[in-house]
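Chemist: test case, fold it:
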Amino acid sequence: MERFLFDLKTALTIEIFHKAEQLPKNWNNLAVDNIFLRKEYLEILEKSAPNNMTCHFIGFFNEKELVGIALSQFLDLNKLESFGERDKCIKTTIRNTIFKNFCSHVLIIGNNMLTGQNVYFFLDSIDKIEALKTLKIASEQLKTIFIAKGFKVHVTTFKDFSKEEIPYFQLAGFQDSYQFSTQPNMLFDIPNHWKTEQDYISALSKKYRDQYKRARKKAEGIVKRKMHLEDIIKYEETIYDLYHHVAKNAHFNTFFLPKNHFKTFKELLKDKFLFYGYFLDEKLVGFNTIIKNGEVMDTYFLGYDDTIQREKMLYLNMLYDIIAYSINKGFKEIVFARTALEIKSSVGAKPQEMFGFMKHNNPIIDLAIDKVFCYLDPEVVWQERNPFK
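Modeler: The predicted structure is shown next:
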């Protein structure tokens, strides 16, 4: 069982774990406000991460006291079946060639399966700049771990952070890394006075209230069902086919979930993880998943039959369903994450710009990392909407 201890030239020491069962007993005390750093979620990554992903869990100690926790993910893109098949053009071909030859081994300090600051947590007693310096040292120690296994890390990246956090990174020695901005995180704030879905509908302008009515009418015949563990197991093949169709046709992919991912999620997170199936004539034609994260509702992966989705406006109806559930259950915010920016904007989500830092191990390529990044994450042109009165 892998477990690595590093004594640093700082006040903190680092332990790097590969299995959730190795984590200190009080690990979850530091992950109270973020389910995506809790042992239960990390165990999900251990048991059902994509087959090209290796996860490590990082503990930071002041003497013997656990004062910080973090997550890392290593991606071997050589194992990927496809980077995404929606775009077939020369720029996509160049992008794929760059990845395979120069960027196939990526170390991510953070979570590539989510959007937002699900990277680390340190106690308030630890200076933030010192914490980030130590986090950077941890990334170097992870590189040595992978070199010992025969993997040379090409790119190291830290993601996703808000604009307010950037000055701390600059003071912590990240000036030599390329600072990038990705597609924004789409956030939906729920006003305190909204108690039901009707409050949301009433707040919409006529144009978007008509959009809501049209989508709901289009969905006639679709039956939505809350699916339990036994249902997820029963429909596992169909679920994977629906997910895989959507994932494969995305603009860009760095991983694909394994078939057991949703089953494992439900087994370990239980009622914190909600899985909804959409049926037409008793056939599963779509699904979406959401995760309760304190007062925040995080959207997760989904899947659908593309022909049904167009005919029934299934994706838009899923967004409305998530909004309705979150309002009814008293959540304060919905994290709709990135992708499909315009349609999420049309239901009321607002963009939050996200930043990260990237460095290539080859100094020559690193000098042109900004140009490389343009191929890896091309700019998405979209129009922000305001559906409210």
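
Chemist: quick one: pLDDT of Glu81?
Modeler: Predicted confidence (pLDDT) at Glu81: the value is 67.

Chemist: now swap in Leu71 and tell me
Modeler: We have a pLDDT of 98 for Leu71.

Chemist: surely it is within a helix?
Modeler: No - counting by DSSP: H, G, I helix; E, B strand; the rest coil, Leu71 falls outside a helix, being strand.

Chemist: surely it touches Asn34?
Modeler: No - using CB atoms under 8 Å, Leu71 makes no contact with Asn34, being 10.2 Å away. Heads up, the C-betas are built off the backbone N, CA and C, glycines and all.

Chemist: joint contacts of the two?
Modeler: Residues touching both Leu71 and Asn34 (CB atoms under 8 Å, 6 or more residues apart in numbering): Asn118.

Chemist: distance from the chain centre to stretch 107-117, please.
Modeler: The chain centroid and the centroid of stretch 107-117 are separated by 6 Å, computed with CA atoms, centre = their mean, to the nearest Å.

Chemist: with stretch 226-235 instead?
Modeler: 23 Å.

Chemist: for it, give the mean pLDDT please.
Modeler: Stretch 226-235 carries an average pLDDT of 98.

Chemist: buried ones in it?
Modeler: Buried residues in stretch 226-235, counted by 16 or more other CB atoms under 10 Å: 227, 231-232, 235.

Chemist: helices - which of these land there?
Modeler: With DSSP state H as the criterion, helices contain 231-232 from among the buried residues of stretch 226-235.

Chemist: tell me the one among the buried residues of stretch 226-235 nearest to Ser125.
Modeler: Nearest to Ser125, judged by CB to CB, of the buried residues of stretch 226-235 is Ile232 at 41.8 Å.

Chemist: please report how far the residue most central in space within the chain lies from Thr196.
Modeler: In the chain, the centroid-proximal residue (CA atoms, centre = their mean) is Leu114; its distance is 0.7 Å. Taking CB to CB, to the nearest Å as the measure, Leu114 falls 29 Å from Thr196.

Chemist: how about Tyr240?
Modeler: 35 Å.

Chemist: can you redo the buried residues of stretch 226-235 as JSON lines with distance to Leu280?
Modeler: Below are the buried residues of stretch 226-235 laid out as JSON lines (distance: CB to CB, whole Å):
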{"residue": "Met227", "distance to Leu280": "15"}
{"residue": "Asp231", "distance to Leu280": "16"}
{"residue": "Ile232", "distance to Leu280": "19"}
{"residue": "Tyr235", "distance to Leu280": "14"}
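
Chemist: ok, of the buried residues of stretch 226-235, which one's closest to Ile322?
Modeler: Nearest to Ile322, judged by CB to CB, of the buried residues of stretch 226-235 is Met227 at 15.2 Å.

Chemist: which residues does that closest one contact?
Modeler: Per CB under 8 Å, 6+ apart, neighbours of Met227: 235, 275-277, 287.

Chemist: among these, who's most crowded?
Modeler: Phe287 (25 neighbours; other CB atoms under 10 Å).

Chemist: which SS class is that one?
Modeler: strand.

Chemist: use 15 as the first number from now on
Modeler: Sure, I'll start counting at 15 from here, so that last one is Phe301.

Chemist: burial count for Thr210?
Modeler: The number of residues packed near Thr210 is 11, by other CB under 10 Å.
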